[in-house]
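Participant: Provided below are the primary sequence and the corresponding predicted coordinates.
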Amino acid sequence: MTYKAYIDNIKAKTGKEPEYFQKQAKEKVLVSHAELLSWLKSDCGLGHGHANAIILYIKDPELAKKKLVEDAKREKARK
């Protein structure tokens, strides 16, 4: 599964963009991977892999955005 597919699935399931989770984590002062993982799984209802996809976005948004663009280009090239 691509990173973009994880993010698309999260949007479909929650109706929320990654920026929403990023903002909430900042407001809740959640910093460590373990804190973020616990919150995303228990409070947000995400599975382990989907929570880790959001954690990447929270901790390194530039890398996450780069991965989204790369995955979108690959998808477009396959069509």
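Facilitator: Received, thanks. Numbers count the residues shown, from 1 in each chain.
Participant: Name the nearest residue to the residue nearest to the spatial centre of the chain, ignoring sequence neighbours.
Facilitator: Nearest to the mean C-alpha position of the chain, by C-alpha atoms, centre = their mean, lies Ile54 at 2.3 Å. Computed as C-beta to C-beta, 6 or more residues apart in numbering, the closest residue to Ile54 that is not its neighbour in sequence is Phe21, at 4.8 Å. In this view, the C-beta of every residue, glycine as well, is placed from N, C-alpha and C.
Participant: One more: Arg74?
Facilitator: Counting by C-beta to C-beta, 6+ apart, Thr2 is the residue found nearest to Arg74 once chain neighbours are left out, at 7.3 Å.
Participant: list the contacts for the one you found?
Facilitator: Contacts for Thr2 (C-beta atoms under 8 Å, 6 or more residues apart in numbering) come out as 71, 74-75.
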